[in-house]
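[1] A predicted structure for the sequence below; I have some questions about it.
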Amino acid sequence: MRWLALSTEHNRSTSSLALARGHKRRIGGLPIPGLLATRRERTTGPTLYDVAVRQASVRRRVQDLQSRVVTLRADVAVLNEQIEVLDEEVESLRVRAMVSETPLAIKEHAEASRHAELAHKARDIAAQQISALEIERDELLDDVALEVG
């Protein structure tokens, strides 16, 4: 019998501790509305901690976006150099194919043209990614400016 009394007393103390921590009482598994509001429900706006966490998260996200933009810009610069070389090669192979009119020269020209075309597509995709990342970065910065202002 003493064990039962201790068990009941322990349950009462833990339930009051749960209420102090902001847990809601439940009847039949459903919370009783308005009995004890959580800390978020009691505050009227974000706490200083919430603001600091949000700013740190946004700062990290902006830094990540910026590093990706820098990497993609370097990739675009390399692609531009490669495209210049490929375009010169395509032009010389085009002239060679016209002059020699051999199947091998025509095949070499077609292959070089495909390579150049793929390099152009890769550069265009990278440029689109850069613009999308910059738009996302600017939207994040605008959101931060609106929160501060």
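    Yes, it's here.
[2] Helix or strand for residue 54, just tell me which one.
    Assigning secondary structure by DSSP states H and E places residue 54 in helix 48-100.
[3] Following the chain past that helix, name the next helix or strand.
    helix 103-148.
[4] Quick one: low-confidence residue ranges for this structure.
    1-43, 148-149 (pLDDT under 70).
[5] still on that earlier bit, can you name every helix or strand that the helix holding residue 54 contacts?
    Counting contacts by 3 or more Cβ pairs under 8 Å, 6 or more residues apart in numbering; DSSP states H and E, helix 48-100 packs against helix 103-148. Where you see a C-beta, it was placed from the backbone N, CA and C, and this is true even at glycine.
[6] what's the helix it packs on packed up against?
    Using 3+ Cβ pairs under 8 Å, 6+ apart: helix 103-148 touches helix 48-100.
[7] how deep is residue 138 tucked in, by neighbour count?
    Using other Cβ atoms under 10 Å, residue 138 has 12 other residues around it.
[8] Same check on residue 93?
    19.
[9] who's in contact with the closest residue in space to residue 106 that isn't next to it in sequence?
    Leaving aside its sequence neighbours, residue 106 sits nearest to residue 97 (Cβ to Cβ, 6 or more residues apart in numbering; 4.9 Å). Contacts of residue 97 were listed using Cβ atoms under 8 Å, 6 or more residues apart in numbering, and they are 105, 106, 108, 109.
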